[in-house]
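Q: structure of the sequence below:
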Amino acid sequence: MDTKNKHIAHVIFDVDGTLVDTLQPGYRVDCSLIKQLGGRSPNLHEYRRQLGTGSWDQFYAAFGVSDTKSATALYYEQMADAQAQLIPGAREIVALARGKPVISVHSIDIETNTPSVVSLNSSKEVVLKRLAKSGLDSFFNPKQVLAVPDSKTGAVIATCSLLGYEPQDVLYVGDTAKDVREAKAAGVLTAAVAHPDFGYNDRDMVQVENPDFLFDDIRDLTDLLRA
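A: Numbering: from 1, shown residues only. The predicted structure follows:
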């Protein structure tokens, strides 16, 4: 897509695998609980290939877990306090997406120039904690941070509506095939960051979903956000 004449009015970010490196902690948690629930713990390659191909139920069932609801609940519980290392370049990209000075994370007003977050997580509090641990909390308004248990489509639509933006003027940035599918279903532009070390999916898995933009590193969004 030609970006020269494309105005991106607003950016919505995924967190895990896009801004914050939680792949290895998540993998360790899942291997442990899958084994605990009688399944077969995958290797990292299998793990990344299965994530984002369907629902949480389908993910855990693929590794022989019958009680998929318990697996999902245990995952969210154990990942709530996971280490949150900032992915290189993420801070600069979030700052570029803001287009205005940093505000307090405790601001209660909606700010249309402040980027938003739609994260697959158990609660907003968990997402805010992860942003704080990685030093990104001051870049986001908590009213524009949404956590959803499964599909992100409705939350992306709701964010566009809340801020008064047309979906076609909004960019969603994520790292999985699931991110791309669900953001496209919401009618927004999609940018996938398939980093070989941080992303939860391999590049080919994301590419097959035909994102509007596909990058190997979050820093590659610089020209797009400046266009």
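Q: what values do phi and psi take at the closest residue to G135 other than its chain neighbours?
A: Nearest residue to G135, sequence neighbours excluded (CB to CB, 6 or more residues apart in numbering): L86, at 6.1 Å. (Glycine included, C-beta is placed from N, CA and C.) With angles defined as degrees, to the nearest 10, L86 sits at phi -70, psi 130.
Q: try V11
A: phi -120, psi 130.
Q: for it, give the beta-bridge partners.
A: Beta bridges link V11 to L171, judged by DSSP bridges.
Q: heads up, I number from 588, so please use that
A: In the new numbering, first residue 588, that becomes V598.
Q: partners of the host helix or strand of S706 in the sheet?
A: Assessed by DSSP states H and E, S706 sits inside strand 703-707. Strand pairing for strand 703-707, using DSSP bridges, gives strand 597-600 (parallel), strand 732-735 (parallel).
Q: the following helix or strand past it - what's its average pLDDT?
A: Next helix or strand after strand 703-707 toward the C-terminus (DSSP H and E): helix 711-720. Per-residue pLDDT values over helix 711-720 give a mean of 93.
Q: repeat for stretch 629-645
A: 91.
Q: measure that stretch end to end?
A: With CA to CA, to the nearest Å as the measure, stretch 629-645 spans 14 Å from end to end.
Q: what's in contact with that stretch?
A: With CB atoms under 8 Å, 6 or more residues apart in numbering as the contact definition, stretch 629-645 has outside contacts at 610, 614, 617-618, 621, 646, 649-650, 655-656, 658-659, 662, 736-737, 763-766, 786-789, 792.
Q: perfect, I'm done here.
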